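In: Mind looking at a prediction? Sequence and model below.
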Amino acid sequence: MTLELISQARIFDGWQRTYSHQSAATGTTMRFAAYLPPQAEAGPVPVLWFLSGLTCTEDNFTQKAGAQRVAAELGLMLIAPDTSPRGPGVPDDAENAYDFGLGAGFYVDATTTPWSAHYRMRSYIEDELPELVGASLPADMTRQAISGHSMGGHGALTIALRNPGRFRSVSALAPIGSPMNCPWGEKALTGYLGPDRAFWREYDACALIADGARVPELLVDQGAADNFLTSQLKPELLEKACADAAIPLTLRRQEGYDHSYFFIASFIEDHLRYHAEALR
Ligand SMILES: N[C@@H](CCC(=O)N[C@@H](CSC=O)C(=O)NCC(=O)O)C(=O)O
């Protein structure tokens, strides 16, 4: 599998790049963003995966979070994938809703038609893309960490919970706490997996924890003025699941902050430093 370089720009003595490639998992052309810090010119560097939220492409985090300056200082490669398959033949929600279909892959492998043909973001993010990054970029795949925002924050939690030992650290910004218990999640899991909630559990962080999955610890930031806080995100569900399982969770409620990239930009430095410490 080969990567095509779509664009690159010099930033903080490193390179911000966008790549595309054919994906066997999704059966489409996929794009992802990679920030290569200056240290990558001398050899492999640790990798921080950042999974974005609903409506995002690989560009949102890259262009709005302002993560590159600190990533350059810390020598972290940043990988920001797209959030769904796209292109000819890829179905979208009939109403073009923002919370299902394009831009809303929810990091699951769909099992229902017509979604199962292309919406295989779990396999893409968990298996195919790491293999490609490890083979094609100066990435030290023995030193990986994962984070994300909202739908992607929850994606990061579930991927880490299902792959113990792969990530040295895990964090999230305003993650969905439990998709089995919020309207965004119930819509997505019903649509991609069907109505049997037993099949949803491997895609719900709280259910995974209740079923025995573990991570050593978690850092979560949550804006207290987030308009999705009580209706969709429900951090108290994650808080309870972690408490019941004795998983150390640092949940910081940030007064006045909403759900936007202004919130992410305000706290991403803390997350990068948290991961860099674990990746040393
Ligand atoms: N358009 C929607 C809200 C969509 C939204 O807020 N998306 C967030 C992620 S939400 C959870 O996954 C986002 O990151 N948007 C991209 C950005 O650059 O801000 C609505 O109108 O409610």
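Out: Arrived safely. What you see is a predicted model; the values in this text were computed from it and never measured.

In: so how far is residue 52 from the closest residue to residue 75 other than its chain neighbours?
Out: Spatial nearest neighbour of residue 75, chain neighbours left out: residue 39 (3.7 Å); criterion: C-beta to C-beta, 6 or more residues apart in numbering. Bear in mind the C-beta positions are built from the backbone N, C-alpha and C, glycine included. Per C-beta to C-beta, to the nearest Å, residue 39 is found 24 Å from residue 52.

In: The two: who's more crowded?
Out: residue 52 (29 against 20; other C-beta atoms under 10 Å).

In: Name the helix or strand for the closest residue to that one other than its chain neighbours, please.
Out: Counting by C-beta to C-beta, 6+ apart, the nearest residue to residue 52 once its immediate chain neighbours are dropped is residue 152, at 4.6 Å. Residue 152 belongs to helix 151-162 when assigned by DSSP states H and E.

In: tell me which strands and helices the next helix or strand after that helix is in contact with?
Out: Later in the chain than helix 151-162, the nearest helix or strand by DSSP H and E is strand 167-173. Applying 3 or more C-beta pairs under 8 Å, 6 or more residues apart in numbering; DSSP states H and E, one finds that strand 167-173 contacts strand 139-148, helix 151-162, strand 218-223, helix 261-279.

In: by contact count, what packs against the last one?
Out: The criterion is 3+ C-beta pairs under 8 Å, 6+ apart, and the helices and strands that helix 261-279 contacts are strand 45-51, helix 58-64, helix 68-74, strand 139-148, strand 167-173, strand 218-223, strand 249-254.

In: Let me know the angle separating it from strand 139-148.
Out: 140 degrees (axes from the mean of the first three to the mean of the last three C-alpha atoms, to 10 degrees).

In: how far does helix 261-279 sit from the chain's center?
Out: Computed by C-alpha atoms, centre = their mean, to the nearest Å, the separation of helix 261-279 from the middle of its chain amounts to 14 Å.

In: Check the first one too.
Out: Distance of strand 139-148 from its chain centroid, counting by C-alpha atoms, centre = their mean, is 12 Å.

In: Equivalent analysis for the third one, please.
Out: For strand 218-223, the separation from the chain centroid amounts to 14 Å (computed by C-alpha atoms, centre = their mean).

In: Am I right that residue 107 is in a helix?
Out: No. Assigned with DSSP: H, G, I helix; E, B strand; the rest coil, residue 107 falls outside any helix and is coil.

In: ok, it touching residue 122?
Out: Yes. Judged on C-beta atoms under 8 Å, residue 107 makes contact with residue 122 at a distance of 5.7 Å.
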